[in-house]
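Student: this one's structure only:
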């Protein structure tokens, strides 16, 4: 969020967490597909017959296989926990090149601009699901920035924060459904229930169409301003907020 104000430190800290997280990614991704499946097939009546049971059974078996291949992750988790605790201690020594709004504004403008561009890219007819995933990452940064700045004018900034969070969640679901659809397409032969696979892919497609329609509606409002115009407005709010403090 304040990367331009301490670039070298950012590069070092980011590399530490990226490398640690990769060791858990396979098992985590396999679990996320099961959770995505459950969201798509969730029924209000718990006593109802489950939808597409063959697909879910295979997804669970797949996760168990991946987890078995990775072995005991307790040691990996312990190392990651230690790294996080050490990083928390290091934050006390972090120093930014700028102070006040200047420490935030360059990162805010950069991520907001990239979010705008990413949204425009997803509007293409042949947009790839990775384009939507890239947009989601930019939206999450904007959400975090809005959380950081929410006290500038609480009614407006908290509403913006909440809409950014909602958009990030929509795009997160869309990405999970894309990965699930990809698995069902490229690895269809692994699933014993061919009729279920074909029908479930249609369910995913319909759901994603609805999600993307809502995401564009929220996104067009969230990214309606030009980056510099929005930053100038926030700069004014920052000055008023500081004077009133």
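Tutor: Sure thing, it's come through. None of these values were measured; they are calculated from a predicted model.
Student: Output the longest helix belonging to this protein.
Tutor: The residue-count maximum for a helix in the chain (DSSP state H) belongs to helix 154-186.
Student: Going by neighbour count, which residues in that helix are buried?
Tutor: By neighbour count with 16 or more other Cβ atoms under 10 Å, helix 154-186 contains the buried residues 157, 160-161, 163-181, 183-184. Backbone N, C-alpha and C define where each C-beta goes, glycine included.
Student: Can you tell me the element residue 14 falls in?
Tutor: helix 7-22 (DSSP states H and E).
Student: and residue 110, what is it in contact with?
Tutor: residue 4 (Cβ atoms under 8 Å, 6 or more residues apart in numbering).
Student: How much space separates it from residue 218?
Tutor: To residue 218, residue 110 is 21 Å away according to Cβ to Cβ, to the nearest Å.
Student: Could you do residue 108 as well?
Tutor: Taken as Cβ to Cβ, the span from residue 108 to residue 218 is 19 Å.
Student: for residue 42, same thing?
Tutor: On the measure of Cβ to Cβ, residue 42 and residue 218 end up 22 Å apart.
Student: Check what contacts stretch 123-130 and list those residues.
Tutor: 121, 131, 174-175, 178-179, 182, 216.
Student: Also stretch 82-102?
Tutor: Residues contacting stretch 82-102 (Cβ under 8 Å, 6+ apart): 2, 5-6, 9, 13, 16-17, 20, 103, 234-235, 238-239, 242.
Student: May I see those organised as CSV, with pLDDT added?
Tutor: Below are those laid out as CSV (pLDDT from 0 to 100):
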residue, pLDDT
2, 79
5, 70
6, 75
9, 75
13, 76
16, 71
17, 71
20, 62
103, 89
234, 97
235, 97
238, 97
239, 96
242, 94
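Student: burial of the closest residue to residue 77 other than its chain neighbours, as a residue count?
Tutor: Closest residue in space to residue 77, ignoring its immediate chain neighbours: residue 24 at 7.6 Å, by Cβ to Cβ, 6 or more residues apart in numbering. By other Cβ atoms under 10 Å, 14 other residues sit near residue 24.
Student: thought residue 24 was touching residue 74?
Tutor: No - in this structure, residue 24 is not within contact of residue 74 by Cβ atoms under 8 Å, at 11.5 Å.
Student: Please, where are all the helices along this protein?
Tutor: 7-22, 25-41, 53-70, 74-90, 102-122, 129-148, 154-186, 194-222, 227-244.
Student: how far does the longest one sit from the chain's center?
Tutor: Mean-position distance between helix 154-186 and its chain equals 6 Å (Cα atoms, centre = their mean, to the nearest Å).
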